[in-house]
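Colleague: coords please:
(one chain, ligands or ions: 2)
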Amino acid sequence: MFYCERTNDSEGSTSEPNSKFSIPTIDLTGIRDDPVLRDGACEKWRFFQVIKREIPSDVLDEMIKGSGRFHQQDVKVRKEYYTCDPNRKVAYVSNYSLYHDPAANWRDTLGCVMAPHPPEAEELPAICRDIVVEYSKRVKAFASTLFELLSEALGLNRFHLEKIGCAEWFLLLCHYYPACPEPELTMGNRKHTDNDFITILLQDQIGGLQVLHDNQWVDVTSIHGALVINIGDLLQLLTNDKFISVKHGLLANHPGPRISVASLFRTDGDDSLVYGPIKELLSKENLPLYRDVSLKEYLTYYYAKGIGTSGLSHFKL
Ligand SMILES: O=C(O)CCC(=O)C(=O)O
Ligand SMILES: [Fe+2]
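Modeller: Numbers count the residues shown, from 1 in each chain. Ligands and ions are numbered 1, 2, ... in the order given. Next up, the predicted model:
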């Protein structure tokens, strides 16, 4: 869901989702080499976005199944991967920012840092190893295409966003949301914006994902074979609000379990690197809205405030 209109940061004016709004989808078949298709796609980059047919459905289905196989193993096996050590490339976690967040998420996650330095094959759980490697390869290539299209949509050189490292660091998150006995007391995933440039999200058929659109929560219906794209806070900062990070969340009132796989793209965490609005996008009419900020400073603030609201207002000029 690419989202580029400004909203206030409220939780929406109504708790009832707006079923009248349907999320536009784009079919990217043949996009890589066809300038006309590329132009068309760039123009459409101003809405929530669902992309069809970029990665074959059988690969997507196997990724969901592989993730399910991991999470449905005996707890003794899963426990081997449980860690709070942020330096581990493969980590099984539940609510990693629990003590800062106003409420817990009803989910567990297997996280794998797949770039720039992927784990050794044997560090990945054998039960989903092959598909994690295969899916990651494909989703990384897809992210490169998306960053090219986004660069062009901004009027920049096609390789601009990738050159500055937007797809350098890639975290694969295999989420598992068990059926919740008291869904009115919790969220599957709290309402939040993502702390990256873009997220590519694969979801199973269960549903429950919602985005804030025109101050109303809208259901993102699951489409088989499709991927959902979120603009994250860092791309909002880089584009000086030309792209706006999308607020989204997941209800817990689904029959469950629900499985999704989120691929987060950022630069590799070099503390000395600072980000600010891209100079080429600025002018007398379009002055910078944010000060420069290092990834470390942004992430420290994002987690300290608790996952929920956007991490950007703190860095506004
Ligand atoms: O599970 C989902 O559909 C959403 C996951 C998500 O928002 C995230 O990982 O940031
Ligand atoms: Fe998210």
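
Colleague: and residue 231, what pLDDT?
Modeller: What the model reports as pLDDT for residue 231 is 91.

Colleague: what kind of secondary structure is the closest residue to it other than its chain neighbours in?
Modeller: Nearest residue to residue 231 in three dimensions, chain neighbours excluded: residue 243, at 4.7 Å (CB to CB, 6 or more residues apart in numbering). Where C-beta positions appear, they are placed from N, C-alpha and C, glycine not excepted. Classification of residue 243 using DSSP: H, G, I helix; E, B strand; the rest coil returns coil.

Colleague: separation between residue 243 and ligand 1?
Modeller: 17 Å (CB to the nearest ligand atom, to the nearest Å).

Colleague: I'd say that residue and residue 234 touch.
Modeller: No - the pair residue 243 / residue 234 is not scored as a contact, 10.3 Å apart, by CB atoms under 8 Å.

Colleague: So for the two, which residue has more residues nearby?
Modeller: Neighbour count, other CB atoms under 10 Å: between residue 243 and residue 234, residue 234 has more, with 26 against 23.

Colleague: give me every residue that touches the more buried one.
Modeller: 195-197, 266, 275, 295, 298 (CB atoms under 8 Å, 6 or more residues apart in numbering).

Colleague: swap in residue 169?
Modeller: Taking CB under 8 Å, 6+ apart as the test, what residue 169 contacts is 113, 115-116, 265-269.

Colleague: Give me the subset of those residues lying in strands.
Modeller: Per DSSP state E, strands hold the following members of those: 113, 115, 265-266.

Colleague: Buried ones only from those, please, as a ChimeraX command.
Modeller: Those of the ones in strands among the contacts of residue 169 that count as buried under 16 or more other CB atoms under 10 Å are selected in ChimeraX with:
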select :113,115,265,266
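
Colleague: Among the ones in strands among the contacts of residue 169, which pair sits farthest apart?
Modeller: Across the ones in strands among the contacts of residue 169, the longest distance by CB to CB is 11.7 Å; it joins 113 and 265.

Colleague: how about the helices in the protein?
Modeller: 35-43, 57-71, 75-79, 129-153, 160-163, 233-238, 295-304 (DSSP state H).

Colleague: related to what we said a few turns ago, which neighbours do residue 113 and residue 265 share?
Modeller: By CB under 8 Å, 6+ apart, the residues touching both residue 113 and residue 265 are 169-170.
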